[in-house]
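Enquirer: okay, predicted coordinates and the sequence, questions at the end:
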Amino acid sequence: MTAQRFSADPSEFATKRVLVTGGTKGMGQAIVQRLTAGGATVATTARSPLPDGQKVELFVQADVATPEGVEKVFGEVLNRLGGVDILVNCVGGSSAPSGGVLALSDEDWQKTINTNLFAAVRLDRRLLPGMLKQGSGVIIHISSIQRRLPLFEATLAYAAAKAALTTYSKGLSKEVGPKGIRVNTVAPGFIETTAAQALIARLAKKDGIDEGAARERLMDSLGGIPIGRPGRPEEVAELVAFLVSDRAASIHGSEYVIDGGTVPAV
């Protein structure tokens, strides 16, 4: 698939300090690149070292699914940037085994909830005081359409954690909106990241089919994608850029689905 390129006003976010978690791959990387192109000072995190060739204002190697990782990130961001104006909680995912609900242990559930819910909750809790003191800020939580379309085979805990994240986001928006902080959620569907492309390649090899057919099977497993293709990380990044900008100044407490029409209901 050919990556779609978007133009950006290089001064739109020139005064903004941004933290994007999980910003070295996939959607997170695309968000980092888009906000950097808009002039923001961007910090990001990942469990692994910063890949060769990637550059950001501040990189903190930490696992934000743990309290210790959150404290490390908070300390570095406070020391180097003095705080943030925009926080994009993008870390997420699931490593739970397949096999349905009986295959999931307490440890699988807790690990998934730590990654997909507590990482955001803990970072919000640490960075919100600074936003409240300055009377402004934007928080974006990356959820998933699986909160509405849970897949029991392998990602039930993930879907439940993302549902909790969306509910938490709505409650948070009610509390901090009157104090100048906007909170919104973005719920992607099937986005063809490099990890998704690797999955497609593995499925194609396993089933003896080409990658186009493997991609179609994946889309069919979701009930189909009406636009005929998965989304792209750059498209998610463009939505996030709009939502954190002053152009979206009255958008608050909302969830924006970006799934090519996958969710079949209103």
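Expert: Sure thing, it's come through.

Enquirer: what's the neighbour count on residue 212?
Expert: Residues lying near residue 212 (other CB atoms under 10 Å) number 10. Using the backbone N, CA and C atoms, a C-beta is placed for each residue, glycine as well.

Enquirer: check residue 92 too.
Expert: Neighbour number of residue 92 under other CB under 10 Å is 26.

Enquirer: how about the one 4 residues further on?
Expert: For residue 96, the number of neighbouring residues by other CB under 10 Å comes to 19.

Enquirer: pretty sure it sits against residue 153.
Expert: No: taking contacts as CB atoms under 8 Å, residue 96 lies outside contact range of residue 153: 10.2 Å.

Enquirer: roughly how far is stretch 74-84 from the heart of the chain?
Expert: Centroid separation between stretch 74-84 and its chain, computed with CA atoms, centre = their mean, to the nearest Å, is 21 Å.

Enquirer: what pLDDT does residue 97 get?
Expert: Turning to residue 97, the model gives it a pLDDT of 86.

Enquirer: how about it, secondary structure?
Expert: What DSSP: H, G, I helix; E, B strand; the rest coil gives for residue 97 is coil.

Enquirer: please shift the residue numbers so they start at 606 in all later answers.
Expert: Will do, 606 is the new start, and the previous item becomes residue 702.

Enquirer: burial of residue 728, as a residue count?
Expert: Neighbours of residue 728 under the rule other CB under 10 Å: 24.

Enquirer: nearest residue to it in space, please, no chain neighbours.
Expert: The spatial neighbour of residue 728 that comes closest, neighbours along the chain excluded (CB to CB, 6 or more residues apart in numbering), is residue 675 at 5.6 Å.

Enquirer: now that neighbour: which helix or strand?
Expert: helix 672-686 (DSSP states H and E).

Enquirer: and the residue most central in space within the chain, what pLDDT?
Expert: Residue closest to the mean C-alpha point of the chain, counted by CA atoms, centre = their mean, is residue 695 at 2.7 Å. Per-residue pLDDT puts residue 695 at 97.

Enquirer: which stretches of the chain aren't confidently modelled?
Expert: In the prediction, the chain carries residues with pLDDT under 70 at positions 606-611.

Enquirer: what does stretch 716-727 contact?
Expert: Residues outside stretch 716-727 that contact it (CB atoms under 8 Å, 6 or more residues apart in numbering) are 626, 669-672, 675, 694, 696-701, 746, 762-763, 765-767, 769-770, 773.

Enquirer: just those residues: which are in helices?
Expert: Among those, the members found in helices (DSSP state H) are 672, 675, 762-763, 765-767, 769-770, 773.

Enquirer: which among those end up buried?
Expert: Buried residues within those, counting neighbours by 16 or more other CB atoms under 10 Å: 675, 762-763, 765-767, 769-770, 773.

Enquirer: widest-spaced pair of the residues you listed?
Expert: 675 and 765 (21.4 Å; CB to CB).

Enquirer: quick one, the strand or helix carrying residue 733 and helix 672-686 angle?
Expert: Element membership for residue 733, per DSSP H and E: helix 724-739. Taking axes from the mean of the first three to the mean of the last three CA atoms, to 10 degrees, one finds helix 724-739 and helix 672-686 inclined to each other by 30 degrees.

Enquirer: returning to that earlier point: looking at the buried ones among the ones in helices among the contacts of stretch 716-727, which is nearest residue 684?
Expert: Out of those, the member with the shortest distance to residue 684 (by CB to CB) is residue 675, at 14.8 Å.

Enquirer: so the closest one touches residue 729, yeah?
Expert: No: taking contacts as CB under 8 Å, residue 675 lies outside contact range of residue 729: 9.9 Å.
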